[in-house]
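Chemist: make a model of this:
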Amino acid sequence: MGEIKSGAIDLCDIAMLNDYLDLVEDNNARIARWRQANER
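Modeler: Predicted coordinates:
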């Protein structure tokens with residue numbers, strides 16, 4: 001991964017960050033569905 005402070009971030013770094021953020025969002029949605037199903 002590139003150095004953020006120096007500004008040396010390439011497209012691959014940005015793609016990896018986007019993938020991570022998508023995973024976090026997906027996991028949060030899964031947790032919310034699980035809670036909804038199990039809190040009855």
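Chemist: and N28, how close does it get to W34?
Modeler: Distance from N28 to W34, counting by CB to CB, to the nearest Å: 11 Å. Bear in mind the C-beta positions are built from the backbone N, C-alpha and C, glycine included.
Chemist: meant to ask about D13
Modeler: D13 is 32 Å from W34, by CB to CB.
Chemist: so which of those two has more stuff around it?
Modeler: Counted by other CB atoms under 10 Å, D13 and W34 do not tie: D13 has more neighbours, with 14 against 10.
Chemist: so how far is stretch 17-33 off the chain centroid?
Modeler: In terms of CA atoms, centre = their mean, to the nearest Å, the gap separating the centre of stretch 17-33 from the centre of its chain is 6 Å.
Chemist: same check, this time on stretch 10-19
Modeler: Between the centre of stretch 10-19 and the centre of its chain there are 11 Å (CA atoms, centre = their mean).
Chemist: and for stretch 7-19?
Modeler: Mean-position distance between stretch 7-19 and its chain equals 13 Å (CA atoms, centre = their mean).
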